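*Asks:* Based on what follows, work out the 3D shape:
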Amino acid sequence: NFVHAQQDEQARDAKHQLDKRSRENVATGGLDPLLEEMLRNYDTSQAMAKGITRIFLFLDTDESGAVSYTEFYMGMKKLHTRVLVEVTDFDWDILTHDYSLLDEWKCLNMGSFHRLMRRQLKNYVQRHLTDVQAMNEDEIEKSWTFG
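*Replies:* Coordinates of the predicted model:
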């Protein structure tokens, strides 16, 4: 019982540290709640591609084949994620790599949207792996210190 309680406390502390490190990640583009949901729901590359396409079609409210900042901003607020996704102008600059993914009308086409989302997913996973690795390093240091 004591050991189990201690393990539960350590798990809560580890989760708290991971959440803290996640909040410290700046300049992420603002899509983390969506990316988390996507990783939870799509477990293959093919399923992820279909999911990205569905999101693009959802965001393309005027059915022009391209998504403007306004469509992106308004659509992200309407997605059903645990935490509301709000994209700022600063986030849009990050997401579009200072507009390099945009066409001449400053919109994302389907291909650019897939590149944007795949890059954001990769960055999200890398950030979290780094955070978990740092947590493990903290645990190793504690075991050497207290062991």
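*Asks:* ranges for the strands of this protein?
*Replies:* 66-67, 108-109 (DSSP state E).
*Asks:* Tell me which of those sits most buried.
*Replies:* strand 66-67 (a mean of 23; mean count of other Cβ atoms under 10 Å). Just so you know, the C-beta spots here come from the backbone N, C-alpha and C atoms, and that holds for glycine as well.
*Asks:* what's the model's confidence in it, averaged?
*Replies:* On average, the pLDDT along strand 66-67 is 98.
*Asks:* What pLDDT is listed against residue 23?
*Replies:* We have a pLDDT of 51 for residue 23.
*Asks:* got it, and residue 6?
*Replies:* 76.
*Asks:* Please give the number of neighbouring residues around it.
*Replies:* When neighbours are defined as other Cβ atoms under 10 Å, residue 6 has 10 of them.
*Asks:* now residue 100
*Replies:* Considering only other Cβ under 10 Å, residue 100 is surrounded by 7 other residues.
*Asks:* give the contact list for residue 69.
*Replies:* Applying Cβ atoms under 8 Å, 6 or more residues apart in numbering, we find residue 69 in contact with 89, 92, 106.
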